[in-house]
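Provided below are the primary sequence and the corresponding predicted coordinates.
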Amino acid sequence: MNTAGSLKGRKCIVTGAAGFIGSHLCARLRDAGAEVVAVDLTRNTQGSLYPLLNGDAGPFITADLGEVSSIERVCDMNPHYVFHLAGRPYAPWTSRYPAEAFQSNVASTANMIEVSRRTQAHFLLASSACFFGAATSSPLHEHSPLSAPEHYYTHTKRQAEATVHNYHEFYGTSSTICRFVNVYGPGDRHFGRIVPWTCRELIVRKVDSFQFTRSAGESTFEFLHVLDAVEGLLRAAESATQGVRTFHFGPGEHSRIAVRELVRLLSRLYDGCDRPIHDPTGPYERPVSKF
C-alpha cells in the first residue's frame, strides 16, 4: 500500500495504541515514516498485538484520557495529528455502566480535541456505525437517518461526534470523523464480538456445538477487516482539510451476513464441520438488520 506518504516525518499521537486497531495503526504509521507517540491506559501490553507489531519503538505515554490532567501531557508532545481510538467499545458494558462509559468515550474525546485546539493538530476520531442506532437499511452513508439506540454506547458515540462539531463551531478546530462498521482481524481479543468469540470457541474450547447467549443470531451486519480500517484512517489523515469531515467505512450491503450464518461459515472454514447452534435459554436481544 502506498498511502500515507504525506505523513512521513509527522508526529502522530495514537490513543488506545495498545488496543486492537491501535496496534495495527501504530505499525502502519511507522512503516510510513511517521513519528508515533503511543498513548494508552496501561503500559502492560502483554498478550496484545502491540509488542509483536511495534516492539519498543517510540515513546509510550500511560494516561487516563478521561482525566483533564492528561491534556498537558499529550500537548507536550506537540503533535501534527491526533488519532483518537481510545474508549470502551463493548456496547452492553456501556449500558450497565453509563457514567464510566461517558468518561471513557465522551470526556476522553473532549480532552483530546482540546489537545488539538492547543497544538493546532488535526484531530481524527474513530467513531462507529453504532452512531446510527438500530438502523434498518443498508448500505449506510454519512447522512443516513438515525434510529433508536440499542445500547448507551450509541449515545456516547453521538456525544463524542457532537463534541467534535462543537469545538469546530466555537474554536475553528479541524477534524475528521471516521465511522467504522464491525472491525475484525488479527489481534482482536474482544471476545464479546462474534468473530473472536467464534474463533476462541473453535480453537481454545474445541466445541462440538455453539451456545448463543445474547441473541439467536438472526441479526445481520457488515464486517470490515482491520487493515482496511487502518487504511481508511490514513487516507482520512492525508486528505485532512479545514472544518469537520465525516466518512463512513463499510463494505456495503453485499457483504452483510447474519450472525448465525457467519458462525457456520467460520466453523466450516476451521475444519469443514457444520456444528449445531443452540439458541439462548432465556430472554435475549431482538434481531436487527443494520450496517
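Looks like it came in fine.

run through the strands of the stretch 1-150 of the chain in chain order.
11-15, 35-40, 60-62, 81-84, 122-128 (DSSP state E, counting those that start in this stretch).

okay, those in a markdown table with distance to I194 next?
The way it works is simple: take the backbone N, C-alpha and C, and place the C-beta from them, glycine included. Converted to a markdown table, those look like this (distance: least, CB to CB, whole Å):
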| stretch | distance to I194 |
| --- | --- |
| strand 11-15 | 26 |
| strand 35-40 | 25 |
| strand 60-62 | 31 |
| strand 81-84 | 25 |
| strand 122-128 | 15 |
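
who wins for proximity to A91 among these?
A91 sits nearest to strand 122-128 of all these, at 9.1 Å, using CB to CB.

elements contacting that closest one?
In this structure, strand 122-128 makes packing contacts with strand 81-84, helix 108-119, helix 152-171, strand 175-180, helix 226-238, judged by 3 or more CB pairs under 8 Å, 6 or more residues apart in numbering; DSSP states H and E.

let's have the ones you listed in CSV, adding mean pLDDT, distance to A135 and mean neighbour count.
Formatted as CSV, the helices and strands packed on strand 122-128 follow (pLDDT from 0 to 100; distance: least, CB to CB, whole Å; neighbours: other CB atoms under 10 Å):
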stretch, mean pLDDT, distance to A135, mean neighbour count
strand 81-84, 98, 24, 26
helix 108-119, 98, 22, 22
helix 152-171, 96, 10, 19
strand 175-180, 96, 12, 23
helix 226-238, 96, 19, 20
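
got those as TSV, with distance to H248 columns?
As requested, the helices and strands packed on strand 122-128 are exported to TSV (distance: least, CB to CB, whole Å):
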stretch	distance to H248
strand 81-84	17
helix 108-119	18
helix 152-171	12
strand 175-180	5
helix 226-238	10
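
what comes up buried for the strand or helix carrying R264?
According to DSSP states H and E, R264 maps onto helix 259-271. When neighbours are counted by 16 or more other CB atoms under 10 Å, the buried residues of helix 259-271 are found to be V259, R260, L262, V263, R264, L266, S267.

find me the pLDDT at the nearest residue to the fifth one once chain neighbours are set aside, would you?
With CB to CB, 6 or more residues apart in numbering as the criterion, R264 has its nearest non-adjacent residue at 6.1 Å, and that residue is D274. Per-residue confidence (pLDDT) for D274: 96.

count of residues packed around D274?
By the criterion of other CB atoms under 10 Å, D274 has 9 neighbours.

from S219, how far out is it?
20 Å (CB to CB, to the nearest Å).

what bits of the chain have low per-residue confidence?
Residue ranges of the chain with pLDDT under 70: 1-4, 136-138, 283-291.

how close does the nearest residue to V263 once chain neighbours are set aside sit to S23?
In this structure, V263 finds its nearest non-sequential neighbour in T198, 5.2 Å apart by CB to CB, 6+ apart. Note on T198: its distance to S23, by CB to CB, is 21 Å.

who has more neighbours out of those two?
Applying other CB under 10 Å to T198 and S23 shows that S23 carries more neighbours, namely 28 against 22.

circling back: can you redo the buried residues of helix 259-271 as CSV, where the extra columns are distance to A240?
As requested, the buried residues of helix 259-271 are exported to CSV (distance: CB to CB, whole Å):
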residue, distance to A240
V259, 36
R260, 40
L262, 35
V263, 39
R264, 42
L266, 37
S267, 42
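
from those residues, which single one is nearest P92?
Nearest to P92, judged by CB to CB, of the buried residues of helix 259-271 is V259 at 14.9 Å.

any idea how far the closest residue to the closest one other than its chain neighbours is from C130?
Leaving aside its chain neighbours, V259 sits nearest to G217 (4.0 Å; criterion: CB to CB, 6+ apart). Distance, G217 to C130, by CB to CB: 19 Å.
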